[in-house]
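In: what follows is a predicted structure for the sequence shown.
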Amino acid sequence: MREVTIRPIVEEELIKYWELSAKEESPEWKKWDAPYFPYEPKTFEQFLEKKHHYINQDDVWGIYVENLLVGSLCYYWEHEESLWLEIGIVIYDPNYWNGGVGTEAMRLWITHLFNELPLVRVGYTTWSGNERMIKVGEKLGMTMEARLRKCRFYNGVYYDSIRMGLLREEWERRI
């Protein structure tokens, strides 16, 4: 497998990040990343208005394959007072799907978050239509903590919402 690294996105990568994440009218990645939520492309000018959310942030990092930006990782607080943190990942370029890039990026991200934050648990939410995301969690030793049945409606079909999670002590036993 090619070298996968993660790091904060820098200003010089803004155009590439916009092209990958917000330029296209109907990007392929959006069919898998919570497609039941609306998506609207942005002009580069609109994208720049929120660049402070992406550049050199702790909660949004880029995924790089041999130093080429191909995706992003994020985290957000479900409930910060109890250190309940959720993570997200998008590999924008389909050429990098199904080759282990996402699994390796998530492994690096989870390790980074456990090293940098006093977390007890890391988790994410996906949907039953995205079997690859469920498999990534399973490969990383995550547990399916919740399956909320038929609460995600997409293309005329109801899907389950899936919550995957991992405790620090489980992660430490794996690495």
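Out: Yep, that arrived.
In: how far off centre is stretch 37-46?
Out: Centre-to-centre, stretch 37-46 and its host chain are 18 Å apart (CA atoms, centre = their mean, to the nearest Å).
In: pull the residues that contact that stretch.
Out: 15, 18, 22, 23, 24, 25, 27, 30 (CB atoms under 8 Å, 6 or more residues apart in numbering). To be clear about C-beta, it is placed using only N, CA and C from the backbone, and glycine gets the same treatment.
In: do that again at 10 Å, thanks
Out: 14-15, 18-19, 21-27, 29-30, 33, 47-50, 152, 154 (CB atoms under 10 Å, 6 or more residues apart in numbering).
In: buried residues, the host helix or strand of residue 135. List them.
Out: Secondary structure assignment for residue 135, by DSSP states H and E: helix 131-139. Neighbour-count burial for helix 131-139 flags 133, 134, 136, 137 (criterion: 16 or more other CB atoms under 10 Å).
In: looking at those residues, which one is closest to residue 96?
Out: Taking CB to CB as the measure, residue 96 sits nearest to residue 136 out of those, at 13.3 Å.
In: state the distance from the closest one to residue 88.
Out: Using CB to CB, to the nearest Å, we find residue 136 at a distance of 12 Å from residue 88.
In: likewise residue 106?
Out: Applying CB to CB, one obtains 10 Å for the distance of residue 106 from residue 88.
In: which neighbours do these two share?
Out: For the pair residue 106 and residue 88, residues contacting each of them under the criterion CB under 10 Å, 6+ apart are 73, 124, 133.
In: about what we covered before: the more surrounded of residue 106 and residue 88?
Out: For the pair residue 106 and residue 88, the greater number of neighbours falls to residue 106 (24 against 19), based on other CB atoms under 10 Å.
In: next one: stretch 62-74 to chain centre, how far?
Out: Relative to its parent chain, stretch 62-74 has a centroid offset of 11 Å by CA atoms, centre = their mean.
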